[in-house]
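>>> 3D model of this:
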Amino acid sequence: MRLIIAFLLSATFVSFSVWSNDQTVRLTVGNWRPFIEQKDQTAQGIAISVVEAAFKEANYSVEWGFFPWGRAYALGKIGTWDGSAVWYHSENRANDFLYSDPVFTFQEALVCHQDVQAEWQTFEDILTHRIGTVMFSEHPYIGDYLKNANKSPIRFPTYQTLYNSLISKRIDCILINPVAHTYFLDEIFPSQKITLNIASKAFPLAHTSLIISKNAENAEELIKSFNKGLQKIRNSGLYAEIINRFPYFVAENTLSK
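Numbers count the residues shown, from 1 in each chain. I've put the predicted structure just below:
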């Protein structure tokens, strides 16, 4: 265990800070476009903007550390960093982290290649399919069901390999939220017309949240401060203003392709 912690502490990372403030919260992230992206030596994306704005209302600055997602989670878990953004809820994660109020809400859907019927009524209908997702991604409701049915999703390192595997029919379907789906179709296949079957029935609503390590010295205070700041930017209209800056986010809770 000591060797693992030593490796994590010595791992190379890129760190960004915003604002000069006596109170600083240190958060890990990984690339999750279009929500989070390391670009031009800055932390960008809709999740970055919302989290920074909420903490700014609570008089906190944010220092971001970019890592592979597995390391981002581990560094938050042991308390080297205060927490991480943004994650779906899972029981395992809740053992290690405090969850904030929801930052984003999605209705994920089942997206299949053109030879597979995507429609489903019960989770049992999905068990016959080879389901794909990306590493370290949780899928509330359907993810737990598949795991308990010994039908865990096949995991891929990137969305590029996930979609390429779907298009080439190495897997049958993927689990995806609507914003990411719209974005990655445009990103990976910008000049191609891709035909996919999208289930008209979506999964129940799922939330992504800021997570703060239970090992952080001021974990409860950070969660309370963030929740208050998040509520303030929702009430003031700043949250909606931030959302409107990101064109792919207009697809929230709908699948347009």
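>>> buried sites along the helix or strand harbouring Leu98?
Element membership for Leu98, per DSSP states H and E: strand 97-99. Burial within strand 97-99, assessed by neighbour count using 16 or more other C-beta atoms under 10 Å, is assigned to 97-99. All C-beta spots, glycine's among them, are computed from the backbone N, C-alpha and C.
>>> tell me the one of these nearest Ala58?
Leu98 (15.3 Å; C-beta to C-beta).
>>> is that closest one in contact with Ile212, as I believe?
Yes - Leu98 is in contact with Ile212 according to C-beta atoms under 8 Å; the separation is 4.8 Å.
>>> what sits in contact with each of those two?
By C-beta atoms under 8 Å, 6 or more residues apart in numbering, Leu98 and Ile212 have these common neighbours: 219, 223.
>>> can you list the strands that the longest strand seen in the chain pairs with?
For the chain, the longest strand by residue count, based on DSSP state E, is strand 206-213. The strands beside strand 206-213 in its sheet (DSSP bridges) come out as strand 83-88 (antiparallel), strand 97-99 (antiparallel), strand 104-106 (antiparallel).
>>> distance to Ala58 and mean pLDDT for those strands - can I get that in a markdown table?
Listed next are the strands paired with strand 206-213 as a markdown table, based on distance: least, C-beta to C-beta, whole Å; pLDDT from 0 to 100:
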| stretch | distance to Ala58 | mean pLDDT |
| --- | --- | --- |
| strand 83-88 | 14 | 94 |
| strand 97-99 | 15 | 97 |
| strand 104-106 | 19 | 88 |
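>>> let me know the secondary structure of the residue nearest to Asp101 when sequence neighbours are not counted.
Nearest residue to Asp101, sequence neighbours excluded (C-beta to C-beta, 6 or more residues apart in numbering): Asn227, at 4.8 Å. Under the three-state scheme (DSSP: H, G, I helix; E, B strand; the rest coil), Asn227 adopts helix.
>>> does the spatially closest residue to Tyr159 that is not a sequence neighbour belong to a helix or a strand, and which?
Closest residue to Tyr159 apart from its sequence neighbours, by C-beta to C-beta, 6+ apart: Phe184 at 4.9 Å. Element membership for Phe184, per DSSP H and E: helix 178-188.
>>> the helix or strand following that helix packs against which elements?
The C-terminal neighbour of helix 178-188 among helices and strands, as given by DSSP H and E, is strand 196-198. With contacts defined as 3 or more C-beta pairs under 8 Å, 6 or more residues apart in numbering; DSSP states H and E, strand 196-198 has these neighbours: strand 109-113.
>>> contacts for the strand it packs on, please.
Under C-beta under 8 Å, 6+ apart, the answer for strand 109-113 is 118, 120, 126, 129, 166-167, 169, 172-178, 181, 196-199, 202-203, 255.
>>> stretch 86-94 now?
Applying C-beta under 8 Å, 6+ apart, the set of residues contacting stretch 86-94 is 35-36, 47, 51, 73, 97, 99, 103-104, 137-140, 143, 206-211.
>>> then stretch 148-158?
127, 130-135, 137, 139, 143, 146, 162, 165, 171, 175.
>>> report the buried residues of that stretch.
153, 156.
>>> how long is that stretch end to end?
Using C-alpha to C-alpha, to the nearest Å, one end of stretch 148-158 lies 25 Å from the other.
>>> and it, how far from the chain's centre?
17 Å (C-alpha atoms, centre = their mean, to the nearest Å).
>>> so, low pLDDT: which residues of the chain?
1-22, 250-257 (pLDDT under 70).
>>> show me where it has helices.
In the chain, the helices defined using DSSP state H lie at 2-10, 46-57, 69-77, 91-96, 142-148, 159-167, 178-188, 219-236, 238-244.
>>> I'd like those helices as a markdown table, with distance to Thr24 appended.
Shown next, in a markdown table, are these (distance: least, C-beta to C-beta, whole Å):
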| stretch | distance to Thr24 |
| --- | --- |
| helix 2-10 | 19 |
| helix 46-57 | 9 |
| helix 69-77 | 15 |
| helix 91-96 | 22 |
| helix 142-148 | 34 |
| helix 159-167 | 31 |
| helix 178-188 | 29 |
| helix 219-236 | 11 |
| helix 238-244 | 21 |
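>>> good, we can wrap up now.
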